[in-house]
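In: show me how the following folds:
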Amino acid sequence: MSIYVGNLSYEVTQDALSSVFAEYGSVKRVQLPTDRETGRLRGFAFVEMGSEAEETAAIDALDGAEWMGRDLKVNKAKPKEDRGSFGGGSRGGGGGGYNSSRSRY
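Out: The predicted structure is shown next:
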C-alpha cells in the first residue's frame, strides 16, 4: 500500500519528502510524477512506508499540515484504474446511413 501526498510545492525533492515521512517510520520509496511534456513536477507524490502502522501514523500527522507554504493532502493511495487503451469505453453505435423513419416517400 502507498500514501498519496497532494498539494505539494513544485520545488519539493525526493530527499526532502522522504525526510518528512521518515519521522513516522521507514520510507521504502518516494515517487514524484512529472508532466510528460514539460518535465515539471505535477504537485503530488506517492510514498511507501515499511508498515501499515507507519503509514497510518504519517497520514494522521501530516494530513492538513503546512509544509513548504502549502497545506498537504495526505491519504491512502487508491489503486490505479485500468484505463484501457486511449480512454476505452464503448462507442455507441448505430451507424449506417439509411433511416427508415425519415423516408421522404
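In: now do the contacts for the nearest residue to Gln14 once chain neighbours are set aside.
Out: Nearest residue to Gln14, sequence neighbours excluded (CB to CB, 6 or more residues apart in numbering): Val30, at 4.7 Å. The way it works is simple: take the backbone N, C-alpha and C, and place the C-beta from them, glycine included. Taking CB atoms under 8 Å, 6 or more residues apart in numbering as the criterion, Val30 is in contact with 14, 17-18, 21, 45-48.
In: among the residues you listed, who's most crowded?
Out: Val47 (27 neighbours; other CB atoms under 10 Å).
In: ok but that residue is inside a helix, no?
Out: No: Val47: not assigned to a helix; according to DSSP: H, G, I helix; E, B strand; the rest coil it is strand.
In: so, low pLDDT: which residues of the chain?
Out: For the chain, applying pLDDT under 70 flags the ranges 82-105.
In: have a look at it and report its longest helix.
Out: helix 52-62 (DSSP state H).
In: now the helices for the chain?
Out: With DSSP H as the definition, the chain shows helices at residue ranges 14-22, 52-62.
In: okay if I get those as a markdown table plus distance to Asn7?
Out: Shown next, in a markdown table, are the helices of the chain (distance: least, CB to CB, whole Å):
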| stretch | distance to Asn7 |
| --- | --- |
| helix 14-22 | 13 |
| helix 52-62 | 11 |
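In: in stretch 58-70, what counts as buried?
Out: 58-59, 62, 67 (16 or more other CB atoms under 10 Å).
In: and for stretch 76-83?
Out: Neighbour counts over stretch 76-83 (16+ other CB under 10 Å) mark Ala77 as buried.
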